[in-house]
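> A predicted structure for the sequence below; I have some questions about it.
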Amino acid sequence: MLINLVKIILSAVSGLLISFLNQYQTLTILVLLAAFIDIVTGFMQAKINKNIESKKMSNGLWKKCSIFVCLFFGYFLDLVVGYLAENKLPFSLDVGLPLGSIIGGYIIINECISICENLYKCGVPIPKFIIQSFNVSKEKMDESEEDTK
């Protein structure tokens, strides 16, 4: 009985999740891939530098989980803004901000910076223009964030 209930709940949740992520499929895969590469390169640099700490790795995994919560929150905001824009409101809401995409892009850039740092700590020569381009992208995002405050 309990197993059937769990199967029903998991089926419903996975069906809703697949339907929900259909619009964001590519972005979600890119964020997952960037996070996975960051985890692998982080583990590699820790192993090479003999700096493996379970507490640090545990905190890093929880940080990755929070990144995905943030990404899904952005998707949720997209849905809410879209819903409000489509329904009759006493005020006009002509906002078409792709908040999920903005958050996803920001996460990918941060993950790429972390991957470059990890590879550098592994001894892999990273061209400066690559690191600078990621840093410039992050700075521009941070500047636009400060402008909205």
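Right, received. Where do you want to start?

> so the most centrally placed residue in the chain is in which element?
Nearest residue to the geometric centre of the chain (CA atoms, centre = their mean): Ile107, 4.4 Å. For Ile107, the host element (DSSP states H and E) is helix 99-121.

> quick one, what contacts Ala34?
107-108, 111-112, 115 (CB atoms under 8 Å, 6 or more residues apart in numbering). Heads up, the C-betas are built off the backbone N, CA and C, glycines and all.

> The lengthiest helix in the chain vs helix 99-121, what angle?
For the chain, the helix with the greatest residue count under DSSP state H is helix 54-86. Relative orientation of helix 54-86 and helix 99-121, computed by axes from the mean of the first three to the mean of the last three CA atoms, to 10 degrees: 160 degrees.

> right, and the residue nearest to the centre of the chain touches Lys64 too?
No. Shown here, Ile107 and Lys64 do not form a contact pair, counting by CB atoms under 8 Å, at 10.0 Å.

> Poorly predicted segments of this structure, please.
By pLDDT under 70, the weakly predicted segments of the chain are 1, 19-21, 87-97, 137-138, 141-142, 144-149.

> what touches both of Ile107 and Lys64?
Counting by CB under 8 Å, 6+ apart, the shared contacts of Ile107 and Lys64 are Ala35.
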